[in-house]
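A.B. asks: Fold the following for me, if possible:
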Amino acid sequence: MSYRNFARSPISIRLLLDCGQDRNIDVASLLQGTKLDASQLADPELTVSTQQELTVASNLLKFAGNEPELGLRVGLSYHLSAYGLLGYGMLSSATAADALGLARRFLPLTYAFTSIAYRQFDNLGELVFEPPDELAPALQSFFVERAMGAASRLLRDVMGMTFELEAFGLRHCAPASGHQRHVPMRVLGVAVQYGAAANSLSFALEHLSRPLPQANAVTAAMCERMCTDLLARRRVRLDTATFVREHLAALPSGRAPELAEIAKLLNTSERTLKRRLHQDGTNFRSLANLARHAKAQHLMAEGRLTMTEVAAELGFSDLSSFSQAYKRWTGFAPTTSKAATPDC
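C.D. replies: This is a model prediction of the structure:
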């Protein structure tokens, strides 16, 4: 789901202001261009736009002098309590896997400006973060670092103090440190690896199956319902085709696009959904093919999955079905290529 299609809680801006004040940057400078003041941000009923938060982040980068790993440091300050209802829902989930699934389902309530995909490799789980292309490179790096730092903190808060990462990779190069070699930060037991193939957090799969100590099915269900209502209130008006595109882009790994599922989300019939898409000048099959094609291109460009694994990620029953579909989309057979990494 696009972050631009939702209003946001002011908590994230307040945390950016706290970071700035720790660096002796005054609040007025950080709020330049937002039409906000500190007193407004204390209002629990206030919502802010994505553009206002982007402006504060840009101001922070400017006045902090592009401090190395600033995004990571900010992200690590996003404790579970910063997520409100979503945080309580995660904490009361039955297992860490349920908590992670809840967070990904309600991603617009997490303050992330990135997409977050989940994958499994052998005995490892992996979260992969992608920034929006329209942001400047410095902001892309900042928001990737912030999202990954916040996700690391969230995983630790949910799973307990013994939780550690297996790997923390950033695709961009290490920040310059004058004539000295930059010493990467350590996050939950591992050093940050710069110039990696993907922006990713890896952890042992065994963590996801462990029961959470504060699990409560009634509380979890209540929080999920309230998060659904909150997300609906914060969503700006979207046409039907845009809603369907966003849902398809956020499908979990291994799930095939289903018209019935989206009709249920819109509380309408399949027939009505088809009619609305026709009025928007498209149809479900075309949107589903575009979404699968885009995801296939991304996975193949990374070069870390076999073709059979790519097919499974996209919800195809077998490699042959995926190959036939890919040929219909492009006219060519699917092939993988090694992901390009920056020259660091």
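A.B. asks: you'd agree residue 52 is up against residue 34?
C.D. replies: Yes. If you go by CB atoms under 8 Å, residue 52 and residue 34 touch, sitting 4.5 Å apart. All C-beta spots, glycine's among them, are computed from the backbone N, C-alpha and C.
A.B. asks: what's the burial count for residue 250?
C.D. replies: 16 (other CB atoms under 10 Å).
A.B. asks: how about the lengthiest helix in the chain: buried residues?
C.D. replies: Longest helix in the chain, counting residues (DSSP state H): helix 137-159. Across helix 137-159, burial judged by 16 or more other CB atoms under 10 Å covers 139-159.
A.B. asks: Start and end of stretch 128-141, how far apart?
C.D. replies: Length of stretch 128-141, first residue to last, CA to CA, to the nearest Å: 14 Å.
A.B. asks: average pLDDT across it?
C.D. replies: The average of the pLDDT scores along stretch 128-141 is 89.
A.B. asks: Contacts for that stretch, please.
C.D. replies: Surrounding stretch 128-141, the residues in contact under the criterion CB atoms under 8 Å, 6 or more residues apart in numbering are 2-3, 54, 57-58, 61, 66, 71, 113-119, 143-144, 147-148, 151, 170, 172, 198-201.
A.B. asks: next one: the helix or strand hosting residue 168 to chain centre, how far?
C.D. replies: Residue 168 is located in strand 167-170, with elements delineated by DSSP states H and E. Between the centre of strand 167-170 and the centre of its host chain there is 15 Å, according to CA atoms, centre = their mean, to the nearest Å.
A.B. asks: partner strands of that strand, parallel or antiparallel?
C.D. replies: Using DSSP bridges, strand 167-170 pairs in its sheet with strand 190-194 (parallel), strand 200-204 (antiparallel).
A.B. asks: Just the buried residues of the next helix or strand after the last one, please?
C.D. replies: What that stands for is strand 200-204. With elements assigned by DSSP H and E, the helix or strand that comes after strand 200-204 is helix 217-234. Across helix 217-234, burial judged by 16+ other CB under 10 Å covers 220, 223-224, 227, 230-231.
A.B. asks: just checking, what packs against helix 217-234?
C.D. replies: On a contact count with 3 or more CB pairs under 8 Å, 6 or more residues apart in numbering; DSSP states H and E, helix 217-234 meets helix 85-91, helix 96-105.
A.B. asks: ranking those by burial, who's on top?
C.D. replies: Stretch with highest mean neighbour count among these: helix 85-91 (a mean of 23; mean count of other CB atoms under 10 Å).
A.B. asks: any residues touching it, and which ones?
C.D. replies: Against helix 85-91 from outside (CB under 8 Å, 6+ apart): 80-81, 83, 99, 102-103, 106, 109-110, 154, 157-158, 212, 214, 219-220, 223-224, 226-227, 230.
A.B. asks: now the angle from the longest helix of the chain to helix 96-105?
C.D. replies: If you take axes from the mean of the first three to the mean of the last three CA atoms, to 10 degrees, helix 137-159 sits at 150 degrees to helix 96-105.
A.B. asks: helix, strand or coil for residue 118?
C.D. replies: strand (DSSP: H, G, I helix; E, B strand; the rest coil).
A.B. asks: Could you check how far the nearest residue to it once chain neighbours are set aside is from residue 103?
C.D. replies: Closest residue in space to residue 118, ignoring its immediate chain neighbours: residue 127 at 5.8 Å, by CB to CB, 6 or more residues apart in numbering. Separation of residue 127 from residue 103 (CB to CB, to the nearest Å) stands at 10 Å.
A.B. asks: cool, and residue 86?
C.D. replies: As judged by CB to CB, residue 86 and residue 103 stand 7 Å apart.
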